[in-house]
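**Q** Okay, structure incoming, though there's no sequence with it:
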């Protein structure tokens, strides 16, 4: 599969599968905030609540002042890795190149 096709596939996956926790920078502190991309406030709250154990285990802290899970900006790598695991869409997109290569390699061995 060509890179252009893989990139288009990644774009389509992100467009049609609507679920993700994202990071936002705090304007007042040196913090990253975890927010949901759901439009409905109740759904946003439910999504972050559903993932609270994983966020706690990854050093995120609940901040009632901003009503969000937070982590210091200097832990961006931990934050990105954690959200990649929680966001199935991003995990698929991040690993699709490897999966397609494995498929192609295995397919080649059949002939």
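**A** That came through, no problem. Everything quoted here is computed from the prediction, not taken from an experiment.

**Q** From residue 7, how far out is the closest residue to residue 37 other than its chain neighbours?
**A** Spatial nearest neighbour of residue 37, chain neighbours left out: residue 20 (4.8 Å); criterion: CB to CB, 6 or more residues apart in numbering. Where you see a C-beta, it was placed from the backbone N, CA and C, and this is true even at glycine. Remark: distance between residue 20 and residue 7 (CB to CB, to the nearest Å) = 19 Å.

**Q** neighbour count winner among these two?
**A** residue 20 (17 against 12; other CB atoms under 10 Å).

**Q** What does the pLDDT read for the more buried one?
**A** pLDDT, residue 20: 76.

**Q** gap between it and residue 34?
**A** Distance from residue 20 to residue 34, by CB to CB: 11 Å.

**Q** Please enumerate the shared neighbours of those two.
**A** residue 83 (CB atoms under 8 Å, 6 or more residues apart in numbering).

**Q** Quick one: the strands in this protein, in order.
**A** With strands called from DSSP state E, the chain shows them at 21-25, 31-36, 61-63, 68-72.
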